[in-house]
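J.: structural data only, the sequence is not supplied:
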Ligand SMILES: [Zn+2]
């Protein structure tokens, strides 16, 4: 476990624009990636979320810092019951989305850029936690927006892609 350097565009564009792989059940590297993501996000001021490719692992995992998004969780969210500040999403998938918002967005891997991006307002996500348990959670607000950006990272998409009319 370690605080890693957050890769940025354009220096690390070959990694940041690559497609990440799903994790297998009990994949041995999972614990290391989860710990590195948590340590690195915890050490990053104003870091809402961080995806594995941003620290050099092309694997489908991201973490969110609950401190920034606790108001965007559902009332019955399991995340409200955990003491952990870092929320872990493994092999995440958006299964439903509702509404639209068009707001400015930044990214730790694209320093200094803020781009207006159209996102779904509310989403429902299916993912696995670090114990291998599947969960379903609903998100709104900044959490919804952050998750959509993190899943973009897993698909090699950066906020810059949206300036070319892709969004
Ligand atoms: Zn980002």
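T.: Noted; the coordinates are in hand. What you are looking at is a predicted structure, and each value in this text was computed from that prediction instead of being measured.

J.: pretty sure residue 64 is in a helix, no?
T.: No: secondary structure of residue 64 (DSSP: H, G, I helix; E, B strand; the rest coil): strand, not part of a helix.

J.: kindly check the end-to-end length of stretch 134-148 for me.
T.: Terminal residues of stretch 134-148 are spaced 19 Å apart (Cα to Cα, to the nearest Å).

J.: from now on call the first residue 39
T.: From this message on, residue numbering opens at 39, which makes the last subject stretch 172-186.

J.: got a list of contacts for it?
T.: Residues outside stretch 172-186 that contact it (Cβ atoms under 8 Å, 6 or more residues apart in numbering): 86-87, 100, 102, 106-107, 109-112, 115-117, 127, 130, 132-133, 139, 141, 143, 157-167. For every residue, glycine as well, the C-beta is placed using N, CA and C.

J.: and the residue in the chain that the ion sits nearest to, how far from residue 174?
T.: The minimum distance from the chain to the ion, using Cβ to the ion, falls at residue 145 (3.2 Å). Distance of residue 145 to residue 174, given as Cβ to Cβ, to the nearest Å: 26 Å.

J.: PyMOL command for the buried members of the contacts of stretch 172-186?
T.: A single PyMOL command selects the buried members of those (16 or more other Cβ atoms under 10 Å):
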select buried, resi 86+87+100+102+106+107+110+111+112+115+117+127+130+132+143+157+158+160+161+162+163+165+166+167
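
J.: middle-most residue in the protein, spatially?
T.: The centre of the chain sits closest to residue 188, judged by Cα atoms, centre = their mean, with a distance of 3.0 Å.
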